[in-house]
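Visitor: what's the 3D shape of this:
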Amino acid sequence: MYKQILVPVDLNEKGFADKAIQLAVWHAKHSHAHIHLLNVLPGIHYSMVSSYFPPDAVKKMKHDTQVQLNHFAERFIPEELIYHTHIAEGKPYTTILDYAERLGADLIILPSHKRSKLDKAMLGSVAAKVVENSMINVLVVKPQGALPPEDEE
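Guide: The predicted model follows:
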């Protein structure tokens, strides 16, 4: 069914992506897919932004993020599954869509906040923008949503 599953992960919010990765693992087990975890950093290379950081800050931030993403993967993805981790910079929804295309993803599983209508109107939603602009299937996981079924051995 699916061969390449992209799961954007926000490491700043503990527990936010847990259900999304659990669903990705379930789908990967049943279709022998590869899982791609993606963390999108804000665009800190922009000249105005980068002037506020010491020269090695970007390198350290990427390294720290990679370590956290690896720990997240080890916690949720069983050893028998193939996964890859990716760190990128930019606007979250466009970066997610770019990576989906670059990786040949055929499914994006992404967590979504439980937002009020006012929040959506003022801030917009990464999930909504990904769904609206994606050429592939997108599974949006709500924080109150159900977990995948337990596999019976």
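Visitor: those helices in the protein, which residues are they?
Guide: Using DSSP state H, the helices of the chain run over 18-31, 47-50, 57-76, 92-103, 117-123, 126-133.
Visitor: By mean pLDDT, show me the worst of these.
Guide: Ranked by mean pLDDT, the helices of the chain end with helix 117-123 at the bottom, a mean of 51.
Visitor: re the thing from before, go through the helices of the chain and name the closest to Asn39.
Guide: Distance to Asn39, taken as C-beta to C-beta, is lowest for helix 57-76 among the helices of the chain, at 5.3 Å. The C-beta positions use only the backbone N, C-alpha and C, and glycine is treated the same way.
Visitor: quick one: buried residues of that closest one?
Guide: 61-62, 65, 68-69, 72-73, 76 (16 or more other C-beta atoms under 10 Å).
Visitor: Just want the angle from that helix to helix 18-31.
Guide: In terms of direction (axes from the mean of the first three to the mean of the last three C-alpha atoms, to 10 degrees), helix 57-76 departs from helix 18-31 by 60 degrees.
Visitor: Which other helices and strands does helix 57-76 contact?
Guide: Here helix 57-76 touches helix 18-31, strand 34-41, strand 83-89, going by 3 or more C-beta pairs under 8 Å, 6 or more residues apart in numbering; DSSP states H and E.
Visitor: sorry, back to before: quick one: which two of the buried residues of helix 57-76 are the most distant?
Guide: Met61 and Phe76 (22.7 Å).
Visitor: How many residues are close by Thr95?
Guide: 20 (other C-beta atoms under 10 Å).
Visitor: I'd guessed it sits against His86; true?
Guide: No: using C-beta atoms under 8 Å, Thr95 makes no contact with His86, being 9.6 Å away.
Visitor: Check the contact lists of these two and give me the overlap.
Guide: Residues touching both Thr95 and His86 (C-beta atoms under 8 Å, 6 or more residues apart in numbering): Leu38.
Visitor: Start and end of stretch 22-39, how far apart?
Guide: Distance across stretch 22-39, first residue to last, is 17 Å (C-alpha to C-alpha, to the nearest Å).
Visitor: actually stretch 11-23, not the one I typed
Guide: Per C-alpha to C-alpha, stretch 11-23 runs 17 Å from first to last residue.
Visitor: Buried residues in stretch 96-109, which are they?
Guide: Taking 16+ other C-beta under 10 Å as the criterion, stretch 96-109 shows 96-97, 99-100, 103, 105-109 as buried.
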